[in-house]
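>>> Need a 3D model of the following:
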Amino acid sequence: MDICDLHTHSTFSDGTFTPAQIVAEGLRRKTRAVALTDHNTLAGLPEFLEAAQGTALEAIPGVEISTGYLGKEVHIVGLFLQEQKYGEVEDFLAVINRRKEESNRALVAALNGAGYDICYQEIRERHQGNVNRAVIAAELLKKGYIREIQEAFQGVLSAKNGLYIPPKRICAYNAIRFLRSIHAVPVLAHPLISLTEEELKNFLPEAKTQGLAAMETRYATYTPEMSNAACFLAQEFGLLESGGSDFHGANKPDIQLGSGAGNLLVPYAFAAGLEAWHRANSG
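Below you'll find the predicted structure:
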């Protein structure tokens, strides 16, 4: 069966593979289609698309937008972005990235006050893409303060710890509506990680009205039960299915492109269905 991976990250956000390396990894793993969906940036897409030219890999330009719903962080993936719309997307993301930058600086200042010797300016200068908590966690790992990235998210970088204050988030519905307005394909990322099943049932009717096309029913850390529940919800609300590994390279060492933690299988039919939706809804 041909497979795809519609959720990956490069060095332009918080991954450790360059966009060209993601293409090479997709080819090595015989993945027919891969989407690059860096957090709140399109900066890696030119390299990604150029690296895939002339290969057997179908490179899908995308982005993962950080949004909010009921006080929780919800991620909306946009797929099949059109190059002529990149400027509009970057303008839309500018507010998100400004707020995130302010949050990053405040977090590192709080970490410094708590005795962690890291420098935000050095992190910024070394990292070519957007900085987020995963990038800061990688710096803590490098300095020996933690043993693995996830330890930081469960401890010092958790909002519950008091040092990290999340940025004010834009409404998830706004992001969906915007992506639909530029003829991209709006997809709800890892829904059962972000929201409970009951919260999803409250969220999805309005999301569908605003233009949500699909939700991820296959995801690297889903159990079979979670995948089944997500599939039933997609059917209930008339949404297409999507899926991906959320590949981050060494920042998520147990997650591989295409296969996730080893049991992920996203059929290429998902990518084909989303592309068909894109063509039918692009005016």
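
>>> Where do the strands of the chain begin and end?
4-8, 33-36, 58-69, 72-79, 185-188, 214-219, 240-244 (DSSP state E).

>>> nearest to His278, of those?
With Cβ to Cβ as the criterion, His278 lies closest to strand 185-188 of those, at 5.0 Å. (Each C-beta comes from the backbone N, C-alpha and C, glycine too.)

>>> Tell me the pLDDT of the nearest residue to Phe203 once chain neighbours are set aside.
Excluding the flanking residues, the one nearest Phe203 by Cβ to Cβ, 6 or more residues apart in numbering is Tyr69, at 5.9 Å. Tyr69 carries a pLDDT value of 97.

>>> Pull the contacting residues for Tyr69.
Counting by Cβ atoms under 8 Å, 6 or more residues apart in numbering, Tyr69 makes contact with 171-173, 195, 199, 203.

>>> Please pick the buried ones from those residues.
Neighbour-count burial (16 or more other Cβ atoms under 10 Å) is assigned, among those, to 172-173, 195, 199, 203.

>>> In helices, which of these fall?
Among those, DSSP state H puts 172-173, 199, 203 in helices.

>>> how about those residues, which pair is most distant?
By the measure Cβ to Cβ, these have their two most distant members at Tyr173 and Glu199, which lie 14.1 Å apart.

>>> Tell me, how many residues neighbour Glu101?
Other residues near Glu101 number 15, with proximity taken as other Cβ atoms under 10 Å.

>>> go on, Tyr268?
Residues within reach of Tyr268, counting by other Cβ under 10 Å, total 15.

>>> hang on, the earlier thing: can you convert the ones in helices among the buried ones among the contacts of Tyr69 into TSV and add a column each for distance to Cys4?
Shown next, in TSV, are these (distance: Cβ to Cβ, whole Å):
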residue	distance to Cys4
Ala172	24
Tyr173	27
Glu199	28
Phe203	25
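
>>> could you dump these to TSV with pLDDT and distance to Ala271?
Formatted as TSV, those follow (pLDDT from 0 to 100; distance: Cβ to Cβ, whole Å):
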residue	pLDDT	distance to Ala271
Ala172	98	23
Tyr173	98	25
Glu199	97	27
Phe203	98	24
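
>>> Could you check how far the closest residue to Val89 other than its chain neighbours is from Leu36?
By the measure of Cβ to Cβ, 6+ apart, the closest residue to Val89 outside its immediate chain neighbours is Leu42, 5.9 Å from it. From Leu42 across to Leu36, the span is 9 Å (Cβ to Cβ, to the nearest Å).

>>> cool, and Pro167?
Distance of Pro167 to Leu36, given as Cβ to Cβ: 23 Å.

>>> When these two are compared, which one has more neighbours?
Taking other Cβ under 10 Å, Pro167 and Leu36 do not tie; Leu36 has more neighbours (32 against 19).

>>> Contacts only, for the more buried one.
When contacts are counted by Cβ under 8 Å, 6+ apart, Leu36 touches 8-10, 19, 22, 44-45, 48, 59-62.
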